[in-house]
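[1] Pasting the sequence and the predicted coordinates here, then a few questions.
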Amino acid sequence: LRIATAPTSRQKVDLPPVMGEADILRVQGIVRDVIVAAPVAAYAVRLARATRPGDESSSADTRRWLTWGAGPRACQALLLGAKARALRDGRPSGSFEDIRGMARPVLRHRLVASCTAESEGVTTDAVIEKILDDLPETDYAAIKNHPDKGGATEKNITTTCDAAIGAAFGEKKKIYFRIC
């Protein structure tokens with residue numbers, strides 16, 4: 001009841017600050033220092049593109065259910081959100097799961113459902129869920145055809161790096177990611 005009535009009355013509530021400007025800027029900097037592997041970043045880009053009904057990579061369902069999709073800032077928000085989730089969970093790098101976890105809060109307000117979607121009762125969250133189900137994490141065709149790969153077959157790469165946030169993690173962390 002207080003949540004509903006306090007902001008709608010003249011009662012003044014004194015809330016002490018939890019963080020100052022310098023602390024907020026420092027945490028923002030730490031989030032930006034968290035690592036995201038290239039395949040994970042590429043997945044974020046492909047996820048945002050998959051919401052655009054005019055994009056050649058979008059599915060028939062996207063073209064049917066959306067009239068407007070997410071732009072480049074959505075990719076940036078997906079990546080920053082993934083980095084923040086990784087930091088919150090004590091991991092040195094953002095993952096595919098972090099991107100998927102940020103998809104709904106980042107994308108839902110950027111998508112415009114079509115009249116067809118509304119008449120069929122399809123929500124933007126349902127469209128996002130469908131895209132997440134259908135979109136593979138790695139675009140193997142693009143990677144195998146990339147000039148730097150020379151048509152290489154799958155291989156595992158193990159990279160050891162110092163955690164981007166230094167003392168927060170202390171020891172070196174190994175980051176394993178799979179590329180083709």
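    Looks like it came in fine.
[2] residues of stretch 116-128 that come out buried?
    117, 122, 124, 127, 128 (16 or more other C-beta atoms under 10 Å). To be clear about C-beta, it is placed using only N, CA and C from the backbone, and glycine gets the same treatment.
[3] secondary structure class for the last one?
    Just to be clear, that refers to residue 128. helix (DSSP: H, G, I helix; E, B strand; the rest coil).
[4] Next: the first one.
    Applying three-state DSSP to residue 117 yields a three-state assignment of helix.
[5] can you redo the buried residues of stretch 116-128 as JSON lines with pLDDT and distance to residue 52?
    What follows is these, written out as JSON lines (pLDDT from 0 to 100; distance: C-beta to C-beta, whole Å):
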{"residue": "117", "pLDDT": "96", "distance to residue 52": "15"}
{"residue": "122", "pLDDT": "97", "distance to residue 52": "17"}
{"residue": "124", "pLDDT": "97", "distance to residue 52": "13"}
{"residue": "127", "pLDDT": "97", "distance to residue 52": "12"}
{"residue": "128", "pLDDT": "97", "distance to residue 52": "13"}
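[6] Export those residues as TSV, with columns for distance to residue 77.
    Below are these laid out as TSV (distance: C-beta to C-beta, whole Å):
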residue	distance to residue 77
117	23
122	23
124	15
127	17
128	14
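[7] any weak-confidence spans in the chain?
    Scanning the chain with the threshold set as pLDDT under 70 gives 140-180.
[8] got the residue ranges for the strands in it?
    Here the chain has its strands, by DSSP state E, at 35-36, 66-68, 93-94, 112-113, 155-161, 173-179.
[9] For stretch 107-114, measure first residue to last.
    Chord length of stretch 107-114, first to last residue, is 15 Å (C-alpha to C-alpha, to the nearest Å).
[10] Pull the residues that contact that stretch.
    Stretch 107-114 has contacts (C-beta atoms under 8 Å, 6 or more residues apart in numbering) with 47-48, 51, 53, 64-71, 74, 122-125, 127-128.
[11] Quick check: buried residues in it?
    107, 110, 111, 113, 114.
[12] got the buried residues for stretch 28-45?
    30, 31, 34, 35, 36, 37, 39, 40, 41, 42, 43, 44.
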